[in-house]
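Colleague: following is a predicted model, sequence given first.
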Amino acid sequence: MSFLSAMQNRYTTKVYDSSKKISPEKLKSLKEILRLSPSSINSQPWQFTFVSNESTKKILAEASFFNKPKILQCDTLVVFSRIDNLELFEKLISETLPEGAVNYYKQFVKPLPKENIKIWFDKQVYIALGVLLSACAEMGIDATPMEGIETVKYNEILNHKNYSTLFAVAIGYRDENDANQPKLNPKSRRPFDNIIKSI
């Protein structure tokens, strides 16, 4: 299957088949793909938590509003978090990044108000979301990105230290009767010429 075909086939899954499991090999590949995600100056201000334990998933599902059924049905829940401790972040980049990248941060990012720095972090994490969704499509894994969760409760449940939950992604395999899949509910996108411009 070409990447284009994979993207045509992917969709936001509403109902999962809980009897179908993602192989350990595919989960390992997804973890490595996320680790390789790009970020500005290679800042990597993130943490990705893969939750396959059913008991933990049930607890998280209770803090997920209308997304509860998807979390209970999916194989694994991937929680995306951004670093919340600026001192720790600056220590990490000083130890791992080249001088030019560190200087870019010091000159253009560090002078910003704290909340703006964290918004910059958030943008990097959303790049990783795109990588995960694309990887899942290419691997034939279904996915549901979800901002509709109680992030503070997620932090407490997962015992996050120095990181703060932004959103989660349910991954697994669609139920064959899921009405939202493209073969039953064709994708709705704006016309090509309205979105794509060539100069």
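Modeller: Cool, got the structure. Numbering: from 1, shown residues only.
Colleague: pairing partners for the lengthiest strand in the chain, with directions?
Modeller: Counting residues, the longest strand found in the chain (DSSP state E) is strand 163-172. The strands beside strand 163-172 in its sheet (DSSP bridges) come out as strand 76-83 (antiparallel), strand 142-146 (antiparallel).
Colleague: what about the helices in this protein?
Modeller: Secondary structure of the chain by DSSP state H: the helices cover 3-9, 24-35, 54-61, 68-73, 86-96, 99-104, 114-139, 151-157, 192-195.
Colleague: export those to CSV and append columns for distance to residue 168.
Modeller: Where C-beta positions appear, they are placed from N, C-alpha and C, glycine not excepted. As requested, the helices of the chain are exported to CSV (distance: least, Cβ to Cβ, whole Å):
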stretch, distance to residue 168
helix 3-9, 22
helix 24-35, 13
helix 54-61, 8
helix 68-73, 8
helix 86-96, 22
helix 99-104, 29
helix 114-139, 10
helix 151-157, 7
helix 192-195, 28
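Colleague: which of these sits closest to residue 171?
Modeller: Among the helices of the chain, helix 114-139 comes nearest to residue 171, with 6.0 Å by Cβ to Cβ.
Colleague: and the closest one, how far from the chain's centre?
Modeller: Mean C-alpha position of helix 114-139 versus that of the full chain (Cα atoms, centre = their mean, to the nearest Å) differs by 6 Å.
Colleague: what angle do that helix and strand 76-83 make?
Modeller: 150 degrees (axes from the mean of the first three to the mean of the last three Cα atoms, to 10 degrees).
Colleague: what's near enough to touch the residue nearest in space to the middle of the chain?
Modeller: Nearest to the mean C-alpha position of the chain, by Cα atoms, centre = their mean, lies residue 129 at 3.6 Å. Listed by Cβ atoms under 8 Å, 6 or more residues apart in numbering, the contact set of residue 129 reads 80, 145, 167, 169.
Colleague: now do residue 184
Modeller: Here residue 184 is in contact with residue 178 (Cβ under 8 Å, 6+ apart).
Colleague: got phi/psi on it?
Modeller: phi -110, psi -30 (degrees, to the nearest 10).
Colleague: sorry, back to before: make TSV out of the strands paired with strand 163-172 and add mean neighbour count, distance to residue 90 and mean pLDDT.
Modeller: Output for these, formatted as TSV (neighbours: other Cβ atoms under 10 Å; distance: least, Cβ to Cβ, whole Å; pLDDT from 0 to 100):
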stretch	mean neighbour count	distance to residue 90	mean pLDDT
strand 76-83	23	10	98
strand 142-146	22	29	98
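Colleague: wait, which of the ones you listed is closest to residue 17?
Modeller: Short answer: strand 142-146, nearest of these by Cβ to Cβ, at 9.2 Å.
Colleague: pull the distance from the closest one to the chain's centre.
Modeller: The answer for strand 142-146 is 8 Å, by Cα atoms, centre = their mean.
Colleague: which residues sit against it?
Modeller: 10-14, 16, 64, 67, 70, 74, 129, 132-133, 136-137, 167-174.
Colleague: rerun that using 6 Å as the cut-off
Modeller: With Cβ atoms under 6 Å, 6 or more residues apart in numbering as the test, strand 142-146 has contacts from 12-13, 67, 70, 133, 136, 168-171, 173-174.
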